[in-house]
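# just the structure for this:
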Amino acid sequence: MTRSLEGRLVLLGVTGSIAAYKSAELVRLLTAAGADVQVLMTHTAARFIGPLTLETLSRRPVMLDPLELLPDRRIAHIVAADTADAILVAPATARWLGAMANGLADDVVTATCLASIAPVVVAPAMDGEMYAHPATRGNVERLRSFGYSIVEPEVGPLASGQTGQGRLAEPATILATLETALAGRPVREPDPELRPPRADLVRDHDLADWHIVVTAGGTAEPIDPVRFIGNRSSGRMGVAVAEAALARGARVTLIHGQTNVPLPEAAKLVEAPSAARMRDAVLAALGDSDALVMAAAVADFRPRGAAEAKLSRGAGLRLELEPTEDILAEASALVRKEAGGPDPAGSTPRQRLGRPILVGFAAEAGSLERAPEKAARKGVDLLVANDVSRPGSGFGTETNEVTLIAPGRPPEPWPSLSKRTVAERLLDRLLAVHRAAGASSRPHHDDPIQGRPA
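Numbering: from 1, shown residues only. Coordinates of the predicted model:
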């Protein structure tokens, strides 16, 4: 393949069509053609293909929210809009076509198109009857009047089982249209420092020689040998933290309950299916740890006594519940009690603070008002709170919308981000806690590589 897009920044907008899975191939083709790719996704698109897939292929964090800020506090989608050579929206749903035709900037893809003078290429994908509807055809023609290039969908079998015009055009056809739209145009902004920052997943090992203990997944509190009380946690958030820490050089102990995502083989894996087992595992791992990240969804209650044999259906079942151990509060009390005075010469968090850095997670529903009080009561350095009732912020989702709470500082809401990006930002803040205590961001003083900015 010729590198026809060498040096160009292409924004790939992915909207909520089943054809979103083809965006991975588009990123691969764009990259092979020499383009620097920044992916933008609607929240619905993230339900069809995980942002982590596209982040890995593009080497940039996926943009999911028009309110997102870059680490230097610039508005992310405005930086992308101002430096892009072209914007490719593929697949484009009927809803997105209507929003864009009428300037309704309620997602990051539409907002970026509105804010940019770069040429825009749109590749629709939807059911055939939807594409043939007069409203959709009118929206397509209006986008043409804006100067947008439309890559007509192909005729063929559709996800609905019908046959018609609605299949996303072949990636090679879409690429050819993009090349035509850019023909004769100079590279708009060649300075990579002015573009959205890259975030290669092979990071500087700024956590080398750290031991980070991470908990993930939900606990299952037994009723009898086959039944239990549990929750909907998938373990995605905790696993994302573990994988990010491993990529940055840390030694990771991952204490996990029930999960439905692959666990990183490079971590030391400790199975802890119940709250009691997780408590014992966490307290045992604290001995030489530099940080504890409690991302697991530990059950708050368990049956006071579990039956030794399977209970029969009978006429019903009455359970008497008791509270489970508050693992994070107990760990906090333990490490603070054992902590000595700060060691000015120390370089690890344990040496400098006399204890591990403590990070908690709080899953709330409807409001985060209790989160600051919870952070103070549990004695954590950082608390990550999220409202699991919000779309894209609950159990099992690829994304998370969290608020970071640190003692003595106002709550800091983050926009909706992929869970890997939340993990990276959280590790950045963990390092900031370390630096605030007066230590270098690397455990070895003789290492010339400095840490990442907070």
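
# pLDDT below threshold where in this protein?
Confidence mapping of the chain against pLDDT under 70 gives the ranges 1, 199-204, 315, 339-353, 392-393, 438-454.

# where along it do the helices fall?
With DSSP state H applied, the chain shows helices at 23-32, 51-58, 76-83, 94-101, 108-115, 128-132, 134-145, 171-182, 236-247, 275-285, 327-338, 349-353, 371-378, 419-436, listed in chain order.

# among these, which comes closest to V213?
helix 275-285 (4.6 Å; CB to CB). To be clear about C-beta, it is placed using only N, CA and C from the backbone, and glycine gets the same treatment.

# show me what that closest one is packed up against.
Counting contacts by 3 or more CB pairs under 8 Å, 6 or more residues apart in numbering; DSSP states H and E, helix 275-285 packs against strand 211-216, strand 251-256, strand 268-271, helix 327-338.

# between the helices of the chain, which one is nearest to P157?
Closest among these, using CB to CB: helix 128-132, at 10.2 Å.

# picking that back up, give me whichever of the helices and strands packed on helix 275-285 is most buried.
strand 211-216 (a mean of 28; mean count of other CB atoms under 10 Å).

# and the angle for it with strand 251-256?
Put simply, strand 211-216 runs at 20 degrees to strand 251-256, going by axes from the mean of the first three to the mean of the last three CA atoms, to 10 degrees.

# parallel or antiparallel, list what pairs with strand 211-216.
Sheet pairing of strand 211-216 (DSSP bridges) gives strand 251-256 (parallel), strand 291-294 (parallel).

# starting at the chain centroid, how far to that strand?
Centre-to-centre, strand 211-216 and its host chain are 18 Å apart (CA atoms, centre = their mean, to the nearest Å).

# C-alpha coordinates for that strand, PDB please?
Extracted in PDB, the C-alpha atoms of strand 211-216 (Å, rounded to 0.1, in the frame of the first residue of the first chain):
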ATOM      1  CA  HIS A 211       4.200  -3.300  44.000                       C
ATOM      2  CA  ILE A 212       0.500  -2.500  43.400                       C
ATOM      3  CA  VAL A 213      -2.300  -4.600  44.900                       C
ATOM      4  CA  VAL A 214      -5.500  -4.300  42.900                       C
ATOM      5  CA  THR A 215      -8.900  -5.900  43.600                       C
ATOM      6  CA  ALA A 216     -11.400  -6.600  40.900                       C
END
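
# just want the angle from it to helix 327-338.
Counting by the same axes, to 10 degrees, strand 211-216 points 160 degrees away from the direction of helix 327-338.

# got the domain boundaries for this protein?
In terms of domains, the chain is parsed into 9-194, 211-436 (source: automatic domain parsing).

# what distance do you get for T15 to P66?
In this view, T15 and P66 are 14 Å apart by CB to CB, to the nearest Å.

# who has more neighbours out of those two?
T15 (30 against 21; other CB atoms under 10 Å).

# now for T219: which residues touch it?
230-231, 257-258, 272-275, 278, 296-299, 324 (CB atoms under 8 Å, 6 or more residues apart in numbering).

# of all these, which comes closest to I87?
Distances from I87 to those, taken by CB to CB, are shortest for A297, at 38.4 Å.

# still on that earlier bit, okay, the helices of the chain, which one's buried deepest?
Of all these, helix 236-247 has the most neighbours on average by mean count of other CB under 10 Å, namely a mean of 26.

# identify all contacting residues around it.
If you take CB under 8 Å, 6+ apart as the criterion, helix 236-247 is touched by 52, 201-203, 207, 210, 212, 214-217, 252, 254, 256, 259, 261-264, 266-267, 293, 295-296, 361, 396-398, 400, 419-420, 422-424, 426-427.

# could I get the domains of the chain as CSV with distance to R3?
As requested, the domains of the chain are exported to CSV (distance: least, CB to CB, whole Å):
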stretch, distance to R3
domain 9-194, 4
domain 211-436, 28
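
# tell me which of the ones you listed sits nearest to T2.
Proximity to T2 (CB to CB) singles out domain 9-194 among the domains of the chain, at 7.4 Å.

# between its first and last residues, how far does that closest one reach?
End-to-end distance of domain 9-194 (CA to CA, to the nearest Å): 11 Å.

# now do stretch 15-34
So stretch 15-34: terminal residues 24 Å apart, CA to CA.

# looking at the contacts of T219, state which has the most neighbours.
So for the contacts of T219 (other CB under 10 Å), the most neighbours sit at A296, 29 neighbours.

# you'd agree that one is up against A220?
No: the criterion here is CB atoms under 8 Å, and A296 misses it with A220 at 11.8 Å.

# pull up the overlap in contacts between the two.
G257.
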